[in-house]
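Novice: Mind folding the following:
(one chain, ligands or ions: 1)
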Amino acid sequence: MFSLSQFPLMFEKNAIAPYMSPETLDCHHGRHLATYIKNLNELIDGTKYADMPLDDIIKTSVTDSNATKIFNNAAQVFNHDFFFHCIKPNGGGDVPNEIVAAFDGANAFFDAFKSASGGVFGSGWSWLVHDGNTLKILTTANADTPIAHGMHPVLSLDVWEHAYYLDYQNRRADFIDAFLSHMVNWDFVRENLDQIIK
Ligand code: MN
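Specialist: Numbering: from 1, shown residues only. All right, here's what the predicted structure looks like:
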């Protein structure tokens, strides 16, 4: 789905403000993600991972005890590429019908996603995924990613402190609320649902 190169943001750096500042995007997309990409390319150089697509690097390295650093950096590249596709200027709006149905209402989905996101202890991610049978919310710690475990991501939120600390300091709940109300790119979520649920 994504590559081992840095993709440009799909919007101007000030387009998500005040919910996500240009300074956060500079730091998060411009430096954190760039570093994961640089590290990954250096780590795989000369290894069996060098010619694999990103998804295969993740699915192979997750069970390779000698490739923990490769897994962590590859998973973070995927997670961030996915996350930055999940946000857009003037985001938010109507929740796709499949999600409303699965959670018995849009507000119930928001409540469950907020609770899961707020409950991540330390660094990690919250996700809406499809596991082959149903849509469900889950969280992953550090770099871990649903695609390493055979699940299909639909929506993700980065709840590492670097994702929100410049704008919200310790107020992670405010960042989560702003994400759901003003940033979610439901068009991308819609594309993911269309690919997964046939
Ligand atoms: Mn991040």
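Novice: contacting residues for residue 64?
Specialist: Residue 64 is in contact with 70-71, counting by C-beta atoms under 8 Å, 6 or more residues apart in numbering. Yep, even glycine has a C-beta here, placed from its N, CA and C like the rest.
Novice: Validate this expectation: it resides in a helix.
Specialist: No - counting by DSSP: H, G, I helix; E, B strand; the rest coil, residue 64 is not found in a helix; it is coil.
Novice: Give the buried residues for the helix or strand residue 137 falls within.
Specialist: Secondary structure from DSSP states H and E places residue 137 in strand 135-141. For strand 135-141, the buried set under the neighbour-count rule, 16 or more other C-beta atoms under 10 Å, comprises 135-137, 139-140.
Novice: With distance to residue 124 and pLDDT as new columns, can those be given to me in JSON lines?
Specialist: Below are these laid out as JSON lines (distance: C-beta to C-beta, whole Å; pLDDT from 0 to 100):
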{"residue": "135", "distance to residue 124": "20", "pLDDT": "98"}
{"residue": "136", "distance to residue 124": "16", "pLDDT": "98"}
{"residue": "137", "distance to residue 124": "13", "pLDDT": "98"}
{"residue": "139", "distance to residue 124": "6", "pLDDT": "98"}
{"residue": "140", "distance to residue 124": "6", "pLDDT": "98"}
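Novice: which one of these sits closest to the ion?
Specialist: Each of these was scored against the ion by C-beta to the ion, and residue 140 proved nearest at 12.4 Å.
Novice: Tell me which residue of the protein lies closest to the ion.
Specialist: For the chain and the ion, the shortest gap (C-beta to the ion) falls at residue 158, measuring 4.2 Å.
Novice: Perfect, that will be all.
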